[in-house]
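Engineer: I would like the atomic coordinates for the input below:
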Amino acid sequence: MQRLTVFAALVATVPLTLASGTEHCPPPGQHNPWFSLPPALTPVDDNSIMGQSTEVNPGEPDYLKISGKPAPQRTEDDAATVLPPFLDWGTDTLIGSTSTVPTWGKLSSDASVNGDIYVGVLDPSGTNEDTVTVWRSTDGGGTWSIIRRFYGNTSTGGIGDYVLRVGSDANGDWLYHFLLYKGSGTDGGLWVQRQRPPSGTFAWRQIVQSGDTLRNLCADRNIENPQHLFVGYQTTSNNVYLWSSKDTAQTWGNFTYITSDRREPALCAGADKYVYIACLLVSDSCRIRIGRNTNNLESGGTWTFVNSDSSADNRFYDLSVAADRVSAGASQTAIVLSTYRYNPNGNVGPRYSWTTNGGTSWSS
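Structural biologist: Numbers count the residues shown, from 1 in each chain. Presented below is the predicted three-dimensional model:
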């Protein structure tokens, strides 16, 4: 029996063999005639429909409200059980390595409909202005191979953030790489590369220029027809913006200025054209702000925003959001996860907020 060693496995040294035709960075001097900012930037958060957030006891989770099932009951046998220090998942699998020395990186992963699994790791200590390495498994995670690598350079700048998503259209799967380059020139900024996996023809698109103003990104795709892609980002001045595409990342529109005074946005696409975004408030670290759009960011969709997890003792970090992609909006479930630090003892633990009515109201 081996114990779970996923993160240790990621930093172990293994030979690297790149797929042919690997593109290291975006093409220089790309012109985007379709790229333009709207003349007026009015934050939708300041003009949206306000929802309600219900605070509940942060003790035992309300399993009945989330899953429709009663809470698990503890027994004397449960109380007497001594759990091992680590969960045993059987045989661990080495995915790969991003450097020859122990380091850390940001993970992003997704899977295709046929079960292929993709994992990308952003290594912030790479020798080439940061490095993203992407692996693929076609046998349920048993074996892995490198299919792509991205490097920063003096033109585009280092890679500040990365998100991987797998989408599809009538002709098959698309693999989308969202990369935030930190360069200050026209070659920096927010880019997406799409390709037919694992190594089909790829194309670059620049969504936002001026990478020196960008800090974090988030991205997701829904399962509608046509499939929509969404990407959000935070600027160094703590503004949050959203874009969308419905032609497999070729063009981007529906530019939306969410609001100011926000950081670390997390994004997900639900069903029935619903899109959710969660952010932390910069000036009030005791609150999480959750927004929902009802029409894929397109005209005619309404926005609802609520404050969640308000507590004088909590400091929140590391947001993540997920939503039901089958149910209609009025009965859609979505969950926002976060970590929080409880003052004054500094303990850190997970916390969640949820909605069962498509974001109209939330409990925490």
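Engineer: which SSE is Arg136 in?
Structural biologist: Using DSSP states H and E, Arg136 sits within strand 131-137.
Engineer: other SSEs contacting that strand?
Structural biologist: strand 117-123, strand 145-151, strand 159-169, strand 172-181 (3 or more Cβ pairs under 8 Å, 6 or more residues apart in numbering; DSSP states H and E). C-beta: built from backbone N, CA, C; applies to glycine.
Engineer: could you redo the last one with a cut-off of 6 Å?
Structural biologist: Strand 131-137 sits against strand 117-123, strand 145-151, with contacts defined as 3 or more Cβ pairs under 6 Å, 6 or more residues apart in numbering; DSSP states H and E.
Engineer: Remind me which helix or strand the residue positioned nearest the centre of the chain belongs to.
Structural biologist: Taking Cα atoms, centre = their mean as the criterion, Cys218 is the residue nearest the geometric centre of the chain, at 4.5 Å. Using DSSP H and E, Cys218 sits within strand 214-221.
Engineer: Tell me which strands that strand pairs with, and in which orientation.
Structural biologist: Paired neighbours of strand 214-221 in the sheet (DSSP bridges): strand 229-235 (antiparallel).
Engineer: The partner strand vs strand 172-181, what angle?
Structural biologist: If you take axes from the mean of the first three to the mean of the last three Cα atoms, to 10 degrees, strand 229-235 sits at 10 degrees to strand 172-181.
Engineer: Mind listing what's buried along strand 229-235?
Structural biologist: Applying a neighbour-count criterion of 16 or more other Cβ atoms under 10 Å, one finds Leu229, Phe230, Val231, Gly232, Tyr233, Gln234, Thr235 buried in strand 229-235.
Engineer: who's in contact with Gly232?
Structural biologist: Cys218, Leu242, Pro265, Leu267, Ile277 (Cβ atoms under 6 Å, 6 or more residues apart in numbering).
Engineer: Select from those residues the one having the most neighbours.
Structural biologist: Within the contacts of Gly232, Ile277 tops the neighbour count with 28 neighbours, counted by other Cβ atoms under 10 Å.
Engineer: residue contacts, that residue?
Structural biologist: Counting by Cβ under 6 Å, 6+ apart, Ile277 has contacts Gly232, Pro265, Leu267, Gly291.
Engineer: The last one and Glu224: what is the separation?
Structural biologist: Here the criterion is Cβ to Cβ, to the nearest Å. By it, Gly291 lies 20 Å from Glu224.
Engineer: Between these two, which is the more surrounded one?
Structural biologist: Taking neighbours as other Cβ under 10 Å, Gly291 and Glu224 compare with Gly291 leading, 26 against 14.
Engineer: residues in contact with Ser245?
Structural biologist: Leu229, Trp252.
Engineer: For Gln209, find the nearest of the helices and strands packed on strand 131-137.
Structural biologist: Checking the helices and strands packed on strand 131-137 against Gln209 by Cβ to Cβ gives strand 145-151 as the closest, at 18.2 Å.
Engineer: so what secondary structure elements neighbour the closest one?
Structural biologist: With 3+ Cβ pairs under 6 Å, 6+ apart as the test, strand 145-151 has strand 131-137 packed against it.
Engineer: by how many degrees do the strand it packs on and strand 145-151 diverge?
Structural biologist: Going by the same axes, to 10 degrees, strand 131-137 makes 160 degrees with strand 145-151.
Engineer: Work out the sheet partners of strand 131-137 and label each with its direction, please.
Structural biologist: strand 117-123 (antiparallel), strand 145-151 (antiparallel).
Engineer: now what about that strand, what contacts it?
Structural biologist: With Cβ under 6 Å, 6+ apart, strand 131-137 has contacts from 95-96, 98, 117-123, 144-151, 159, 162, 198.
Engineer: roughly how far out does that strand sit from the chain middle?
Structural biologist: 16 Å (Cα atoms, centre = their mean, to the nearest Å).
Engineer: likewise stretch 340-356?
Structural biologist: So, by Cα atoms, centre = their mean, the centroid of stretch 340-356 is 20 Å from its chain's centroid.
Engineer: Quick one, grab the pLDDT at the closest residue to Tyr257 other than its chain neighbours.
Structural biologist: Closest residue to Tyr257 apart from its sequence neighbours, by Cβ to Cβ, 6 or more residues apart in numbering: Leu41 at 4.6 Å. pLDDT, Leu41: 74.
Engineer: Provide the secondary structure category for Leu41.
Structural biologist: Three-state call for Leu41 (DSSP: H, G, I helix; E, B strand; the rest coil): coil.
Engineer: Report the separation between it and Gly301.
Structural biologist: 18 Å.
Engineer: Between these two, which has more neighbouring residues?
Structural biologist: Ranked by neighbour count (other Cβ under 10 Å), Leu41 and Gly301 place Gly301 first, with 17 against 12.
Engineer: quick one, phi psi at the nearest residue to that one once chain neighbours are set aside?
Structural biologist: Take Gly301 and drop its neighbours on the chain: the residue closest to it by Cβ to Cβ, 6+ apart is Asn295, 2.6 Å away. When read as degrees, to the nearest 10, the backbone of Asn295 gives phi -150, psi 50.
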